[in-house]
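[1] sequence unknown, structure follows:
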């Protein structure tokens, strides 16, 4: 069975994301889809963004139980849900409770492979955009982690956390004074419709 899927590509610099209308009618039909298979990881670029835009969410994340805190990142571990798991930000009624710009990078960029948009010749520019963005984020996050480490700080120590995120902010401010060219090469938003073969349940690839 073929279906049309609408994708909206948002170029918001480091907070860019892909909106997919199929999520609301997920072919997995298990009321959690990809949110049953992934534990979100918040790195420096995410933590600093939350500090400025949603500090209460930052506080909520570090107050959660069952999180894995490393020197420069925090993972929100999935919670058991039946015979599998569920992301702690996902609800049966409304899906992810975080708007897309507040999510970490995987959750902002992920599109089910079976949609196949990356094979669309007309969308190669967006494929390249998100590949470059992923590389850029990794570079910034790794650099911020080294910067924090050099100062003898770690998120593992609750007493350090405020200072760690401030150090990350300082590093990212220095490194992002000049915006990469690929941000300027794309429009702020573009909508596309692709056709894919719809399959259901576990036959739908995540």
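    Structure's in. What do you need? These figures come from a predicted structure and were not determined experimentally.
[2] can you count the residues close to residue 138?
    Residue 138 is flanked by 13 other residues according to other CB atoms under 10 Å. Using the backbone N, CA and C atoms, a C-beta is placed for each residue, glycine as well.
[3] Sorry, slip of the keys, the one I care about is residue 43.
    Residue 43 sits with 21 neighbouring residues when counted by other CB under 10 Å.
[4] Check it and give its pLDDT.
    Looking at residue 43, its pLDDT is 98.
[5] And for residue 109?
    As summarised for this prediction, residue 109 has a pLDDT of 96.
[6] Check which helix or strand the residue nearest to it when sequence neighbours are not counted maps to.
    If you skip the residues right next to it in sequence, residue 109 has residue 130 as its closest partner in space, 5.5 Å away by CB to CB, 6 or more residues apart in numbering. Under the criterion DSSP states H and E, the helix or strand holding residue 130 is helix 124-150.
[7] quick one on the thing from earlier: where's the residue nearest to residue 109 relative to residue 182, distance?
    10 Å (CB to CB, to the nearest Å).
[8] The two: which is more packed in?
    Here residue 130 and residue 182 are compared on neighbour count by other CB under 10 Å; more neighbours surround residue 130, at 21 against 17.
[9] so what's that one up against?
    The contact partners of residue 130, by CB atoms under 8 Å, 6 or more residues apart in numbering, come to 16, 18, 109.
[10] close enough to count as contact, the first one and residue 100?
    Translated: residue 16. No. Using CB atoms under 8 Å as the test, residue 16 is too far from residue 100 to be in contact (9.5 Å).
[11] Name the residues contacting each of these two.
    Residues touching both residue 16 and residue 100 (CB under 8 Å, 6+ apart) are 10, 108.
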